[in-house]
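Colleague: heads up, no residue letters with this:
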């Protein structure tokens with residue numbers, strides 16, 4: 001369960017609340033006092049993070065950059081450039 005440990009604390013809490021709510025997104029919407037679509041989008045974001053961690057390893061630089069993209073803190077175009085620059089520096 002490396003993926004769980006590598007999620008941010010608030011995402012871990014969301015997963016915990018999902019389990020406590022027996023997987024009911026409607027119940028989660030009530031707990032967080034948000035709409036069902038908002039909960040669904042949050043869950044989709046966490047699923048993307050988990051898949052990315054599982055596919056690429058949790059502690060790589062590229063994984064950390066892509067987590068920023070998933071969290072919409074960094075654009076995909078900028079992330080690609082950062083990763084390209086990083087790879088080029090690694091080969092120097």
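Modeller: It's in. None of these values were measured; they are calculated from a predicted model.

Colleague: name the nearest residue to residue 68, sequence neighbours excluded.
Modeller: Nearest residue to residue 68, sequence neighbours excluded (C-beta to C-beta, 6 or more residues apart in numbering): residue 74, at 3.9 Å. From N, CA and C alone the C-beta is placed, and that goes for glycine too.

Colleague: domain parsing for this protein?
Modeller: Per the record, the chain has its domains at 1-57, 60-92, by automatic domain parsing.

Colleague: what's the residue nearest to residue 68 in contact with, if anything?
Modeller: Residues in contact with residue 74 (C-beta atoms under 8 Å, 6 or more residues apart in numbering) are 65, 68, 82.

Colleague: separation between it and residue 46?
Modeller: Distance check for residue 74 against residue 46: by C-beta to C-beta, to the nearest Å, it reads 18 Å.

Colleague: can you check residue 69 too?
Modeller: Using C-beta to C-beta, one gets 14 Å for the distance from residue 69 to residue 46.

Colleague: these two - which one has more neighbours?
Modeller: Higher neighbour count among residue 69 and residue 46: residue 46, with 20 against 17, using other C-beta atoms under 10 Å.

Colleague: perfect, I'm done here.
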